[in-house]
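A.B. asks: just the structure for this:
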Amino acid sequence: MIRIVFVCHGNICRSPMAEFVLKDMVKKRGIASDFFIESRATSTEEIGNPVHRGTRTKLAQFGISTAGKTAIQLKKSDYEKYDLLICMDSANIRNTLRITGSDPDGKVSKLLSFANEGGDIADPWYTGNFDETYDDVLRGCEGLLKKLGY
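C.D. replies: Residues are numbered from 1 along each chain as shown. Down below sits the predicted model:
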C-alpha cells in the first residue's frame, strides 16, 4: 500500500482538493486498495474547519464529495506514517521540513513535480481561481499515478 499525504497551508483548499481528486482517480481505476490518501495543513489557523466552499463546489462538478473532511495539522510522526508527503508550493515544503525535522528518505516533493513542472499550485484562498487550481491538481495527480506505475 502506498501512503500519501497532501500538504498545504490550511488544509481547506488545495491539499483536500488533491486528496479527493486522487481518491476519485484510484477508485475509478479500480486500484483504491493500493492507496491510503489523506491531507494535512502546515498551519493551525483552519484546524477543525471544513473544506472551503470553493473547493467543494469545484469538486462537486465532477461528482466528488469532501463530506466529513476537516482541516488537520501535519505532525512530525507523519513523516514515518506516509511514503510521500506532497506539497502544493515551496512554502509548504519549507514548513513541512520545519515540522518533520528533515527529509532523509526523499519523501517530500511538490505536486507539480510529478507533471514535470517546477511551479507552485496557486492558492485559491488568495486568487479565487478554483478552476486553475483544479487543473494543476489534476495534472499533478495524473503525473503522480504515472510515476508510480499506474
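
A.B. asks: so where's this protein uncertain?
C.D. replies: Scanning the chain for pLDDT under 70 picks out nothing.

A.B. asks: helices of that one, start to end?
C.D. replies: Secondary structure of the chain (DSSP state H): helices located at 14-28, 53-60, 78-81, 90-100, 124-127, 130-147.

A.B. asks: check which residues of stretch 35-55 are buried.
C.D. replies: Residues of stretch 35-55 classed as buried by neighbour count (16 or more other Cβ atoms under 10 Å): 35, 37-42, 46, 50-52, 54-55. (Each C-beta comes from the backbone N, C-alpha and C, glycine too.)

A.B. asks: equivalent analysis for stretch 91-103, please.
C.D. replies: The neighbour-count check on stretch 91-103 (16+ other Cβ under 10 Å) flags 92-93, 95-97, 99-100 as buried.

A.B. asks: just stretch 117-128 next, same as before
C.D. replies: Buried residues in stretch 117-128, counted by 16+ other Cβ under 10 Å: 120-125.

A.B. asks: got the contact list for that stretch?
C.D. replies: Outside stretch 117-128, the residues within contact range by Cβ atoms under 8 Å, 6 or more residues apart in numbering are 8-10, 12-14, 52, 54-55, 88-90, 110-112, 129-130, 132-133, 136-137, 139-140.

A.B. asks: filter those residues to the buried ones?
C.D. replies: In these, burial by neighbour count holds for 8-10, 12-14, 52, 54-55, 88-89, 110-112, 130, 133, 136-137, 139-140, counting by 16+ other Cβ under 10 Å.

A.B. asks: ok, the nearest residue to Cys141 once chain neighbours are set aside to Arg94 distance?
C.D. replies: Counting by Cβ to Cβ, 6 or more residues apart in numbering, Cys141 lies nearest to Leu22, which is 4.7 Å off, once chain neighbours are set aside. Taking Cβ to Cβ, to the nearest Å as the measure, Leu22 falls 23 Å from Arg94.

A.B. asks: I'm done for today, thanks for sticking with me.
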